[in-house]
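S.K.: give me the fold of what follows.
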Amino acid sequence: MNFKDLLVETIVNPASAARRIMALNLTDEVVWTGFALNVVLSVLLYAGQGVLLGDPSNALFPGLSPALFGAFLVVLQLSYTAASMVAARWMGGDAEFGTILGLLVWLRIVNIVVQVVAIAMVFVIAPLAVLFNFAAALYGLYVLAHFTKEGFGLSSLGKSAGVILLAGLGAMIAVLILMGLFAPTILETSYV
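M.R.: The predicted structure is shown next:
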């Protein structure tokens with residue numbers, strides 16, 4: 001499988017790309033290695049963005065050190081995956097955890113590529129970078145809806161949207177609980 005071809009297919013025909021990834025029958029070892037890679041790449045991008053554009057910041061995790069950003073990213077991604085499993089069952093879908101995590105790992109890698117392009121655009125035409133980010137986020141939801149529909153075998157994109165909404169809420173609750181438990185520590189050590 002060619003990385004570039006799959007990247008283009010993900011953008012042009014996300015349902016087909018999801019089926020293609022699932023047809024690979026990725027082993028748990030491959031999925032978890034990909035997960036670790038996407039967390040490392042995300043942290044490097046977060047830190048690099050901080051160096052290139054100023055203080056590392058993220059709308060969800062403002063002012064965290066790269067290490068703490070990585071920890072919260074792990075919790076967010078795994079809790080989203082687990083919550084999507086529960087929500088999809090409510091909507092009549094079903095899948096293995098590894099299959100869904102594998103699809104989400106691929107989407108996160110695609111998202112990292114998009115973020116690198118957006119950061120490069122900041123240095124060329126900053127206002128266009130903002131529009132690009134906004135358009136990519138909206139289109140990313142469309143792609144996620146197709147991946148969710150295919151991954152869980154759902155009957156419609158409406159059910160897929162329901163899974164995305166419920167899983168997003170579940171993941172945010174997990175992160176808020178974690179932040180509530182560790183907020184004083186995070187606030188005291190985020191720049192150490």
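S.K.: give me the neighbour count for residue 97.
M.R.: 14 (other C-beta atoms under 10 Å). The C-beta positions use only the backbone N, C-alpha and C, and glycine is treated the same way.
S.K.: residue 81 is in contact with that one, correct?
M.R.: Yes: counting by C-beta atoms under 8 Å, residue 81 is a contact partner of residue 97 at 6.6 Å.
S.K.: could you list the low-pLDDT ranges of the protein?
M.R.: 1, 55-63, 182-192 (pLDDT under 70).
S.K.: need the longest helix for it.
M.R.: For the chain, the longest helix by residue count, based on DSSP state H, is helix 157-189.
S.K.: which stretches in the protein count as helices?
M.R.: Ranges of helices in the chain, per DSSP H, are 3-12, 14-23, 28-53, 66-90, 97-124, 126-152, 157-189.
S.K.: show me which positions of the first one end up buried.
M.R.: The neighbour-count criterion (16 or more other C-beta atoms under 10 Å) identifies 6-7, 9-10 as the buried residues of helix 3-12.
S.K.: tell me the phi and psi of residue 24?
M.R.: phi -70, psi -20 (degrees, to the nearest 10).
S.K.: which one of the buried residues of helix 3-12 is nearest to residue 50?
M.R.: residue 7 (25.9 Å; C-beta to C-beta).
S.K.: wait, the closest one sits on residue 112?
M.R.: No: the criterion here is C-beta under 8 Å, and residue 7 misses it with residue 112 at 11.1 Å.
S.K.: centroid residue for this protein?
M.R.: residue 108 (4.2 Å; C-alpha atoms, centre = their mean).
S.K.: how close does it get to residue 89?
M.R.: Distance, residue 108 to residue 89, using C-beta to C-beta, to the nearest Å: 23 Å.
S.K.: again with residue 102
M.R.: Taken as C-beta to C-beta, the span from residue 102 to residue 89 is 19 Å.
S.K.: who has more neighbours, the two?
M.R.: Ranked by neighbour count (other C-beta under 10 Å), residue 102 and residue 89 place residue 102 first, with 25 against 13.
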